[in-house]
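Chemist: sequence unknown, structure follows:
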Ligand code: GLU
C-alpha cells in the first residue's frame, strides 16, 4: 500500500472512531435527561416505605426521595413511573424509564441484562407472620403457604430455602399481605425493609427468623452507559457525605417513622 493510501485509510479510520465515540457519548442517558430537563424514575407504588401512595394520593417513600435527590443533583425535574418487580427490567430496557430506584437487589443474574449503581440500601430477606403463629423460621414452613411477588429475588430464594413450602405469588406486595391477613397464606416473605412497611402499621403482625438472603439494593440503568452510572453513583455518595441520606433514612426508618429499622450498612464513598 502506498503512503498516500495509508494516510487516507488512517484518516477514514480516525473519523469513524471519532464519530462512533461522539455518537456513543451523545447517547448517554445523562445527556438525554439534561436536554429533556426531566429524569424519569421507575419506582414502586407497592412497597412501603420505599414507594407507596400516601393518604393524599401522592407517591412517596425512601426510593422516591433518593430519586428526587438525584434529579436535584442533575438539575432536572423528576417524573415518576410505577414499576413492579416483574415489569421493572423490561420497562428500563424498553426506554420507558431512565433508571430504576425500585427496591431492586443487584445481583449477577440481573447484571446480564442491565447495569447497577453502587449499593444504596442494605436489606435482607425475612418472614412476616401473624403474632402467635408459631412460625419462627423457614423450617416451620413445611407444607405451609408463603406469599410473595413475581419477579422478586424473594420468590427464588424462598423456593430454595424451603422447597417444601407452597409459594403463592402476586404482582404486588399489598396483595401478598392481604393473603396473610385473610388466612390464604401462613407467611409473607421479602426484604425486612419492605415487610416493616406492612408490620409497622399492623401491630398484629411481626417479622421473624434469621436472614434468608442478603439483598443489597442498586439503582438499575441500561448497559454500557458509564457516564450516567457515574453521575448516579456520585449523587448517592454525595447524599451520604452531606448527611441527606441520614435525614431521609430517619424520615422513613427512624424510631418515629412507624417503620423502625436500624441502618445496617454504610454507603461506599470514593475519595
Ligand atoms: N429486593 C428484592 C428484589 O429485588 C425483593 C424486593 C422486590 O421485589 O423488589 O427482588
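Modeler: Noted; the coordinates are in hand. Owing to the predicted nature of the structure, the values given are computational and were not obtained by experimental measurement.
Chemist: all contacts plus neighbour counts: C-alpha atoms, from now on.
Modeler: Fine.
Chemist: Can you report how many residues neighbour residue 112?
Modeler: 9 (other CA atoms under 10 Å).
Chemist: got the phi/psi numbers for it?
Modeler: With angles defined as degrees, to the nearest 10, residue 112 sits at phi -70, psi -30.
Chemist: Next, work out how far apart it and the ligand are.
Modeler: According to CA to the nearest ligand atom, to the nearest Å, residue 112 and the ligand sit 15 Å apart.
Chemist: cool, residue 168 as well?
Modeler: In terms of CA to the nearest ligand atom, residue 168 sits 14 Å off from the ligand.
Chemist: What's opposite that residue in the beta bridge?
Modeler: residue 147 (DSSP bridges).
Chemist: Look up the pLDDT of it for me, please.
Modeler: According to the prediction, residue 168 has pLDDT 98.
Chemist: What is the neighbour count of it?
Modeler: With other CA under 10 Å as criterion, residue 168 counts 18.
Chemist: Kindly report the same for residue 72.
Modeler: Count around residue 72 with other CA under 10 Å applied: 14.
Chemist: Any stretches of this structure with poor pLDDT?
Modeler: 1-26 (pLDDT under 70).
Chemist: at 90 what do you get?
Modeler: 1-27 (pLDDT under 90).
Chemist: what does it put close to the ligand?
Modeler: Contact residues (CA under 6 Å from any ligand atom) of the chain with the ligand: 85, 103-105, 152-154, 190-191, 215.
Chemist: Just those: which are in strands?
Modeler: Counted as lying in strands by DSSP state E, out of these, are 190-191, 215.
Chemist: Select from the residues you listed the one having the most neighbours.
Modeler: residue 190 leads these on contacts (other CA under 10 Å) with 27 neighbours.
Chemist: Relative to residue 118, how far out is that one?
Modeler: 21 Å (CA to CA, to the nearest Å).
Chemist: List the residues that contact the residue in the stretch 151-271 of the chain positioned nearest to the ligand.
Modeler: In the stretch 151-271 of the chain, the residue that lies nearest the ligand is residue 152 (3.2 Å; CA to the nearest ligand atom). Taking CA atoms under 8 Å, 6 or more residues apart in numbering as the criterion, residue 152 is in contact with 85-86.
Chemist: rerun that using 10 Å as the cut-off
Modeler: When the contact criterion is CA atoms under 10 Å, 6 or more residues apart in numbering, the partners of residue 152 are 84-86, 103-105, 169, 171, 190-191.
Chemist: and what of residue 53?
Modeler: Counted by CA under 10 Å, 6+ apart, residue 53 has contacts 44-47, 59-61.
Chemist: at 7 Å instead, please
Modeler: When contacts are counted by CA atoms under 7 Å, 6 or more residues apart in numbering, residue 53 touches 45, 59-60.
Chemist: That one pairs with what?
Modeler: On the basis of DSSP bridges, residue 53 is bridged to residue 59.
Chemist: please begin residue numbering at 36 from this point
Modeler: Will do, 36 is the new start, and the previous item becomes residue 88.
Chemist: Was I right to think residue 302 contacts residue 155?
Modeler: Yes - between residue 302 and residue 155 there is a contact under CA atoms under 7 Å: 6.3 Å.
Chemist: Which stretches in the stretch 186-306 of the chain count as helices?
Modeler: Secondary structure of the stretch 186-306 of the chain, counting by DSSP state H, counting those that start in this stretch: helices at 188-196, 208-216, 227-234, 261-277, 279-288.
Chemist: Which other helices and strands does the first one contact?
Modeler: What that stands for is helix 188-196. With contacts taken as 3 or more CA pairs under 7 Å, 6 or more residues apart in numbering; DSSP states H and E, helix 188-196 sits against strand 180-184.
Chemist: tell me the secondary structure for residue 103?
Modeler: helix (DSSP: H, G, I helix; E, B strand; the rest coil).
Chemist: Which of residue 302 and residue 155 has more residues huddled nearby?
Modeler: Higher neighbour count among residue 302 and residue 155: residue 155, with 25 against 16, using other CA under 10 Å.
Chemist: in terms of contact, does residue 140 touch residue 254 like I think?
Modeler: No - taking contacts as CA under 7 Å, residue 140 lies outside contact range of residue 254: 8.7 Å.
Chemist: ok, those two, which is more surrounded?
Modeler: residue 254 (28 against 25).
Chemist: contacting residues for that one?
Modeler: The contact partners of residue 254, taken as CA under 7 Å, 6+ apart, are 134-136, 151-152.
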